[in-house]
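Asker: whatever this is, show me its structure:
(one chain, ligands or ions: 1)
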Amino acid sequence: MAETAARPDLPAPARGGAPVLVASNRGPVSFTVGDDGGLSLKRGGGGLVSGLSAIGDTDAVWVCAALTEGDRTAARQAPSGRLDRAGHDTGGQSVRMLDIDPGTFARAYNGIANSTLWFVHHLLYNTPVAPDFDERFRKEWASYETYNAAFADALAEEAAEGAAVLVQDYHLTLVPGLLRERRPDLRIGHFSHTPWAPPDYYRMLPDDVAREVLTGILGADRAAFLTRRWADAFADCCEDVLGARVERPADGGDLRIVHGGRTTRIGVHGLGADADFLRERAHRPDVDSRLATLREAVGDRRVVVRVDRTELSKNIVRGLLAYRHLLRTRPEWHDRVVHVAFAYPSRHDLPEYREYTAAVQRIAREVNDEFGTEGWQPLILHVEDDFPRSLAAYRLADVALVNPIRDGMNLVAKEIPVVSDQGCALVLSREAGAHAELGEDAVTVNPYDVVATAEALHRALSMPASERTDRSKRLAAAATALPPQQWFLDQLAALRG
Ligand code: F6P
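Answerer: You can find the predicted model right below:
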């Protein structure tokens, strides 16, 4: 790896602080407390972890929140929450983990980030009854402000003069503005991994909150999104809610939003799949053994695969209903297809998420009760997280079903064509960010239309082998166009541009 100082796209390291910082709610490591009271550390994955690996062993600092009791213990024991200084293996970069008051954290994370901003950007509200922005919401909002301020304080302390700071996602929308007040010398970027709501929906937020979120992000020098569609929606909200001026260059380059005497550039970086990592990881013995188990279960049948975190936006229930409709209306598939559906736990502190998981399990049981025979289980559902098993399912897929209501990108849609052994057909929601890059070679669906999704599954299952192979190759090429390392470096370079 290149040294930081030698790279033109990185700020030169300065004395007394980090030249590159990342801030995100969830960090690259987490801790659990063992029965003996000892801490064990687990390293996480994902685009940001791979992306940051591109700058190698620099003085980068990753600021994140303590999410569990184990994290809190580790953060308290480390000097200023700096896990690396307490001897933990944080994987290359330094990690500062913030021990934010648990009540404040829960109100900010569950109440605002996951139950408000996530719902707004994914258009999830059942509007006749929700949202209601009451006193409880106001308390949650005050906690969100406190939690964002804790990040801004930590970043201001850790950053070298002129450092580049990359702030992630809807949890930390206020950080760019707060950090600019504390450290005007910094180059600040914000990246949204979610969609952005159109103005008519975004305006549901209380007016002051709607403004604070937008001006918070506009505190950045550059704000970036996964697709042009979400970038445009953000710009539309700035125009509509703030009366900001939006400059849209004809050459498709960065938009510019002029507001409050400052200009913020708006960019697009479509995070791609990490092909090298995935292909190597998907052929290790733990994946092979899970593949053998799955093969035995599905036999000589076609396989429709879906792998999701069980989030309300992933539309798992309608996906299962579409599979049921396929079996009801296309009996020729009986005993010739198996749907392998992995719906992993997510945000179980929220009752809506627990109820949704229960609905997924109930419908899966109904499908098996209605169609299963002694020798054929039409649907295999797993709800416990198992990454090697996911890769095994990717390898086995004849058809990948990715039908979110709305999604920032959806990396599963990109990963399955890269990993599948025989090449797969992709049934893809037109509301996933990935559709902008993969739509041409996918079978596109309206995620709300269960009947059309069933027909799309039929079409994908019936696709001639040569067409499927050709499409799958093109899907894999498009999916890997911007690997995580380049995605990260491009953002750093653009922030300095
Ligand atoms: O999946 C999209 C996403 O917004 C990621 O950007 C983010 O890291 C994640 O969801 C947050 O999930 P969690 O609540 O489990 O930390």
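
Asker: with adjacent residues omitted, what lies nearest to Val305?
Answerer: Computed as Cβ to Cβ, 6 or more residues apart in numbering, the closest residue to Val305 that is not its neighbour in sequence is Ala397, at 3.9 Å. For every residue, glycine as well, the C-beta is placed using N, CA and C.

Asker: likewise for Asp84?
Answerer: Using Cβ to Cβ, 6+ apart, the nearest residue to Asp84 is Ser94, at 4.3 Å.

Asker: residues near that neighbour, how many?
Answerer: Other residues within reach of Ser94, judged by other Cβ atoms under 10 Å, total 18.

Asker: list the contacts of it.
Answerer: By Cβ atoms under 8 Å, 6 or more residues apart in numbering, the contact list for Ser94 reads Ala18, Asp59, Ala60, Val61, Trp62, Arg82, Leu83, Asp84, Arg85.

Asker: so the residue nearest to Val305 is in contact with Arg306, correct?
Answerer: No - if you go by Cβ atoms under 8 Å, Ala397 and Arg306 don't touch, sitting 9.1 Å apart.

Asker: okay, and the common contacts of the two?
Answerer: Val340.

Asker: quick one: the helices in the stretch 351-497 of the chain?
Answerer: 351-371, 387-396, 411-419, 435-438, 450-462, 465-479, 484-496 (DSSP state H, counting those that start in this stretch).

Asker: same list (these) but as TSV, adding mean pLDDT.
Answerer: Output for the helices of the stretch 351-497 of the chain, formatted as TSV (pLDDT from 0 to 100):
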stretch	mean pLDDT
helix 351-371	96
helix 387-396	98
helix 411-419	98
helix 435-438	98
helix 450-462	98
helix 465-479	97
helix 484-496	95
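
Asker: so of these, which one's packed in deepest?
Answerer: Comparing the helices of the stretch 351-497 of the chain by mean neighbour count (mean count of other Cβ atoms under 10 Å), helix 411-419 comes out on top with a mean of 26.

Asker: got the angle for it vs helix 387-396?
Answerer: 60 degrees (axes from the mean of the first three to the mean of the last three Cα atoms, to 10 degrees).

Asker: what residues sit buried inside stretch 182-198?
Answerer: In terms of neighbour count (16 or more other Cβ atoms under 10 Å), stretch 182-198 has its buried residues at 183, 186-198.

Asker: now do the SS call for whichever residue of the stretch 101-250 of the chain sits closest to the ligand.
Answerer: In the stretch 101-250 of the chain, no residue comes nearer to the ligand than His193, which is 2.9 Å away by Cβ to the nearest ligand atom. Classification of His193 by DSSP: H, G, I helix; E, B strand; the rest coil places it in coil.

Asker: list the contacts for it?
Answerer: By Cβ under 8 Å, 6+ apart, His193 lies in contact with Gln168, Asp169, Leu226, Gly408, Met409.

Asker: and if you look at Phe31?
Answerer: Counted by Cβ under 8 Å, 6+ apart, Phe31 has contacts Leu39, Ser40, Leu41, Lys42, Thr68, Gly70, Asp71, Thr73, Ala74.

Asker: among the residues you listed, which one lies nearest to Gln422?
Answerer: Nearest to Gln422 among those, counting by Cβ to Cβ, is Lys42 at 33.0 Å.

Asker: could you give the backbone dihedrals for that closest one?
Answerer: phi -120, psi 130 (degrees, to the nearest 10).

Asker: show me what from the stretch 201-350 of the chain comes close to the ligand.
Answerer: Ser346, Arg347 (Cβ under 6 Å from any ligand atom).

Asker: switch the cut-off to 8 Å
Answerer: Contact residues, the stretch 201-350 of the chain versus the ligand (Cβ under 8 Å from any ligand atom): Arg309, Glu311, Ser346, Arg347.

Asker: by neighbour count, which of those wins?
Answerer: Ranking those using other Cβ under 10 Å puts Glu311 first, with 22 neighbours.

Asker: name the surrounding residues that touch the worst-scoring helix or strand of the chain on mean pLDDT.
Answerer: The weakest-scoring helix or strand in the chain, judged by mean pLDDT, DSSP states H and E, is helix 47-53 (a mean of 84). Residues outside helix 47-53 that contact it (Cβ under 8 Å, 6+ apart): 22, 24, 28, 43, 60, 62, 91-93, 168, 271, 274, 277, 411, 483-485, 487-488.

Asker: rewinding a little: need the pLDDT of the residue of the stretch 101-250 of the chain closest to the ligand.
Answerer: For His193, the model assigns a pLDDT of 97.

Asker: which residues touch Met97?
Answerer: Contacts of Met97 by Cβ under 8 Å, 6+ apart are Gly27, Cys64, Ala65, Ala66, Asp71, Ala74, Ala75, Ala78, Gly81, Leu83.

Asker: bridging residues for the third one?
Answerer: Applying DSSP bridges to Ala65 gives these bridge partners: Leu98.

Asker: that one against Gly27, yeah?
Answerer: Yes - judged on Cβ under 8 Å, Ala65 makes contact with Gly27 at a distance of 7.3 Å.

Asker: flag every residue of the stretch 351-497 of the chain that's near the ligand.
Answerer: Asp407, Gly408.

Asker: looking at the stretch 351-497 of the chain, what residue ends up closest to the ligand?
Answerer: For the stretch 351-497 of the chain, Cβ to the nearest ligand atom, closest residue to the ligand: Gly408, 5.8 Å.

Asker: verify the stated contact: that residue with Ser192.
Answerer: Yes - the criterion here is Cβ under 8 Å, and Gly408 meets it with Ser192 at 7.0 Å.

Asker: shared neighbours of the two, anything?
Answerer: Listed as contacting both Gly408 and Ser192 by Cβ under 8 Å, 6+ apart are Phe225, Leu226, Trp230.

Asker: what about the strands in the stretch 51-200 of the chain?
Answerer: With strands called from DSSP state E, counting those that start in this stretch, the stretch 51-200 of the chain shows them at 61-65, 94-98, 159-168, 187-191.

Asker: now for the first one, which elements pack on it?
Answerer: Just to be clear, that refers to strand 61-65. Other helices and strands packing on strand 61-65, by 3 or more Cβ pairs under 8 Å, 6 or more residues apart in numbering; DSSP states H and E, are strand 18-23, strand 94-98, helix 135-158.

Asker: most tightly surrounded among those?
Answerer: For those, the largest average neighbour count (mean count of other Cβ under 10 Å) is found in strand 18-23, namely a mean of 26.

Asker: and it, what does it pack onto?
Answerer: Using 3+ Cβ pairs under 8 Å, 6+ apart: strand 18-23 touches strand 61-65, helix 135-158, strand 159-168.

Asker: ok, it: who's next to it in the sheet?
Answerer: Within its sheet, strand 18-23 is paired with strand 61-65 (parallel), strand 159-168 (parallel), according to DSSP bridges.

Asker: quick check, the first one touching the ligand?
Answerer: No - judged by Cβ under 8 Å from any ligand atom, strand 61-65 and the ligand are separated, with a smallest distance of 9.6 Å.

Asker: and that strand with strand 94-98, angle?
Answerer: Using the same axes, to 10 degrees: strand 61-65 against strand 94-98 is 20 degrees.

Asker: report the rounded mean pLDDT for strand 61-65.
Answerer: For strand 61-65, the per-residue pLDDT averages 97.

Asker: domain assignment for the chain?
Answerer: Following automatic domain parsing, the chain resolves into domains at 18-271+486-496, 275-479.

Asker: Pro464 and Gly423: what is the separation?
Answerer: Computed as Cβ to Cβ, to the nearest Å, the Pro464 to Gly423 distance reads 12 Å.

Asker: comparing those two, which residue is more hemmed in?
Answerer: Higher neighbour count among Pro464 and Gly423: Gly423, with 20 against 8, using other Cβ under 10 Å.

Asker: from what I can see that one touches Lys473, true?
Answerer: Yes - counting by Cβ under 8 Å, Lys473 is a contact partner of Gly423 at 6.8 Å.
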